[in-house]
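> got a structure for you, letters missing:
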């Protein structure tokens, strides 16, 4: 058994090799006072307050890409879902489904990256589980993370708080993650120096938590910015009007999507956040975001106006077009 | 797109088909006041007490087998990890990795089974996430569940509480799950009416929670009973002595394992629990288990004796043999 280089089925059987995998890679990088790999369940000391949870699965391919990897993505994705819900993330749990034959060195890099991201976000990996899949059945590596956080007292955010006249902000250029992963696959023969935006949006989210006019936040991951706009239109029955010229894009994202026929409005971001804010606080919210390094290019991109329940793009040539809901899969295994 | 019969990549893209999958299968079966499929994170109202978490992944193949399926298994596995740690399970989160081409009717049955098991265990699915994997990459369906529970106040269980002289109990016959899944694969051309023991061990665990002599509990899943014994020997440095004649097995488990060369001591159970109890309370603990329908054939199977750190089986012919730690994979994708 080439147990020094590749993952084998014996790494999944509950015995000595599994223990070596868990201790040698997962526990080594993710060690913290809560994690106890010999226990069936662990106790979570939590600050007072309402507890929130979220969970997310990660199947991105390739496992490493410019700007991140599946490990950092799995931390940011779940941290971000708590952050946009108004909660400070405290713990994550981790599931790893590892394909037989995966390079141990690659797994080690991914778990190290996960540890680094978790530390930067102030969260601990509280517990985890590993399963090994037979060669040909597992796509390399899938991760799932569940996040536990504590909600800021008094903060209530939700689609049901959105009112006509509210403004819509985005914290930075959209579609970077989807486009960067697409380039990293090299199947299109394109090269570029575009990096994923994979990052924690916690500082951006937190910067607005005390604003009474903050209605709702969401990170535009699968389905991209357009899908968040549809979530808003569907939940409220109101029309979302976006100003095409105001939506920030990195120029290569536009260029690559034009060439390949993708609409970057539907491509995943993994480090951006959309906020819906009362009109009279929109400029203040924008100012707070622009004062943060992650929000320098934040923009006011639209408003909630009218009751047709549509998503309308006001184009740069003065026209309008309806943005339809995503139907076909634009890009599998993007996050 | 045969969107009425099989899962397609479009079911994973964040758009309309994903919403249909989530609403039509997951939310329909798993609906409860906590679950909100339009939210990024949900609030968990929890009773007072220390919060415990655990997480587990499930890759069993076939997805349905006599006595259960991957859905009921994913509920029981995580409920059981909280139960043996002394916590009452309250919520689960769910990750589903679904392979393109999976029959929607099968997915529907699995999620319905999950809902039924969750209801029987008194837990709610608080939130979930679905990802769709390209055909050939996903093995049909993988699940991960994270459990949140509340620890019984004052109860402290752990490997570190085990003392020399303690007795070891098991709640029922071992190896049923592993053997039943093996038979269900039909690759061995064997038939039998053996069913998995997949079940909640919460009533069994709870029945001992108030005993001061209760040291430690564990459900013998991957690696089976023998691996739990090794966990004890390794953590304590003490020797575990088992009485072969006392260990309960269903006769077909013995017979099938003899034929195929497996040792049932290493095969997974999914509805049994092992308890380590102070000698003077062992009979009382056994009596409590036998009074429960899940524990009718519970048995006192051994003791912690001597400090060599071995696992020793006292055989039915009066001899002794060392039980080694599991090395090779006996049976992949068993749980």
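Great, that's in hand. Just so it is clear, the structure is predicted and the values come from calculations on it, not from any experiment.
> what does the average pLDDT come to for the top strand by length along chain A?
Longest strand in chain A by number of residues (criterion: DSSP state E): strand A:87-99. The pLDDT scores in strand A:87-99 average 97.
> swap in stretch A:109-129?
Rounded mean pLDDT across stretch A:109-129 is 97.
> ok, now stretch A:173-191?
Averaging pLDDT along stretch A:173-191 gives 87.
> do the longest strand of chain A and chain B meet?
Yes - shown here: strand A:87-99 in contact with chain B (CB under 8 Å from any CB of the partner chain) through A:87, A:91, A:93, A:94, A:95, A:96, A:97. The way it works is simple: take the backbone N, C-alpha and C, and place the C-beta from them, glycine included.
> ok and that strand relative to strand B:87-99, angle-wise?
Strand A:87-99 and strand B:87-99 are oriented at 60 degrees to each other (axes from the mean of the first three to the mean of the last three CA atoms, to 10 degrees).
> Listing partners with orientation, what would you give for strand A:87-99?
Strand A:87-99 pairs in its sheet with strand A:124-133 (parallel), strand A:141-151 (antiparallel), by DSSP bridges.
> Tabulate those in CSV, adding columns for mean neighbour count.
As requested, these are exported to CSV (neighbours: other CB atoms under 10 Å in any protein chain shown):
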stretch, mean neighbour count
strand A:124-133, 25
strand A:141-151, 28
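> Include distance to residue A:295 when you put those into JSON lines, please.
Compiled in JSON lines, those are given as follows (distance: least, CB to CB, whole Å):
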{"stretch": "strand A:124-133", "distance to residue A:295": "27"}
{"stretch": "strand A:141-151", "distance to residue A:295": "21"}
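> Of the residues of strand A:87-99 next to chain B, which is the nearest to residue A:44?
residue A:91 (5.7 Å; CB to CB).
> how much space is there between that closest one and residue A:160?
Distance of residue A:91 to residue A:160, computed by CB to CB, to the nearest Å: 28 Å.
> Of those two, give the one with the bigger neighbour count.
residue A:91 (24 against 11; other CB atoms under 10 Å in any protein chain shown).
> check contacts around the nearest residue to residue A:203 once chain neighbours are set aside.
Once flanking residues are discounted, residue A:203 sits nearest to residue A:292: 5.8 Å by CB to CB, 6 or more residues apart in numbering or on different chains. Residues counted as contacts of residue A:292 (CB atoms under 8 Å, 6 or more residues apart in numbering or on different chains) are A:203, A:204, A:207.
> a markdown table please, covering these and showing neighbour count, secondary structure and pLDDT.
Converted to a markdown table, those look like this (neighbours: other CB atoms under 10 Å in any protein chain shown; DSSP: H, G, I helix; E, B strand; the rest coil; pLDDT from 0 to 100):
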| residue | neighbour count | secondary structure | pLDDT |
| --- | --- | --- | --- |
| A:203 | 16 | helix | 98 |
| A:204 | 28 | helix | 98 |
| A:207 | 19 | coil | 98 |
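> which one of the residues you listed is nearest chain B?
The shortest approach to chain B among the contacts of residue A:292 belongs to residue A:204, at 14.2 Å (CB to the nearest CB).
> I'd guessed that closest one sits against residue A:271; true?
No - between residue A:204 and residue A:271 there is no contact under CB atoms under 8 Å: 9.1 Å.
> what about the helix ranked longest in chain A, near chain B?
Counting residues, the longest helix found in chain A (DSSP state H) is helix A:104-121. No - on the criterion CB under 8 Å from any CB, helix A:104-121 is out of touch with chain B, staying 14.5 Å away.
> Just the buried residues of that helix, please?
Buried residues in helix A:104-121, defined by neighbour count with 16 or more other CB atoms under 10 Å in any protein chain shown: A:104, A:106-107, A:109-115, A:117-118, A:121.
> now stretch A:242-249
A:242, A:243, A:244, A:247, A:248, A:249.
> What distance do you get for the residue most central in space within chain A to residue A:126?
Computing the C-alpha centroid of chain A and ranking residues by CA atoms, centre = their mean puts residue A:77 first, at 3.3 Å. Distance from residue A:77 to residue A:126, counting by CB to CB: 17 Å.
> got it, and residue A:284?
From residue A:284 to residue A:126 the distance is 37 Å (CB to CB).
> And residue A:199, by the same measure?
For residue A:199, the distance to residue A:126 - CB to CB - is 22 Å.
> Could you do residue A:254 as well?
41 Å.
> follow-up on the earlier one: so which of the strands paired with strand A:87-99 comes closest to residue B:152?
Residue B:152 lies closest to strand A:124-133 among these, at 19.0 Å (CB to CB).
> Alright, that wraps it up for me.
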